[in-house]
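S.K.: show me how the following folds:
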Amino acid sequence: MRVLTKRARYGAEAVAPALGGKRGKAAERFADRAADLQDVLGDLQDSVVARRTILDVARHHPGEGSFSLAAGRLIEREVHAGESRRREFPSCWKRLDRKQNLSWM
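M.R.: Alright, predicted model coming up:
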């Protein structure tokens, strides 16, 4: 979904100057909203990858209590960060998917 959003954003950015006027502004608004969605999806992906990486590294250090504690705390932070961005997704999507943002197409 993030890759498709990126393509749509770049397409809107490319044609906005040629459209000019209201349609150009709508294309720019769409591109801005698509960038916001990309950020949310990218941060969510980063959180998932970070959690997996921390867990993989922690598995190579069994029995090291302080290391395991630190890894657990880092994973906990990433879980919270991911949940926060996941909660942002629906409103971010709605801002992108408004008729006024799609009128330039």
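S.K.: and the helix or strand hosting Ala31, what's its mean pLDDT?
M.R.: Using DSSP states H and E, Ala31 maps to helix 21-59. The average pLDDT within helix 21-59 is 94.
S.K.: check stretch 97-105 too.
M.R.: Here the average pLDDT along stretch 97-105 is 84.
S.K.: packing partners of the helix holding Ala31?
M.R.: The contact analysis (3 or more C-beta pairs under 8 Å, 6 or more residues apart in numbering; DSSP states H and E) places helix 21-59 against helix 2-19, helix 65-96, helix 99-102. C-beta coordinates here come from the backbone N, C-alpha and C atoms, glycine included.
S.K.: do you know which of those helices lies nearest Asp56?
M.R.: Smallest distance to Asp56 across the helices and strands packed on helix 21-59 (C-beta to C-beta): 9.9 Å, for helix 65-96.
S.K.: what's the offset of stretch 70-81 from the middle of its chain?
M.R.: 19 Å (C-alpha atoms, centre = their mean, to the nearest Å).
S.K.: sorry, wrong one. I was asking about stretch 40-53.
M.R.: The answer for stretch 40-53 is 9 Å, by C-alpha atoms, centre = their mean.
S.K.: for it, buried residues please.
M.R.: Buried residues in stretch 40-53, counted by 16 or more other C-beta atoms under 10 Å: Val40, Leu41, Asp43, Leu44, Ser47, Ala50, Arg51.
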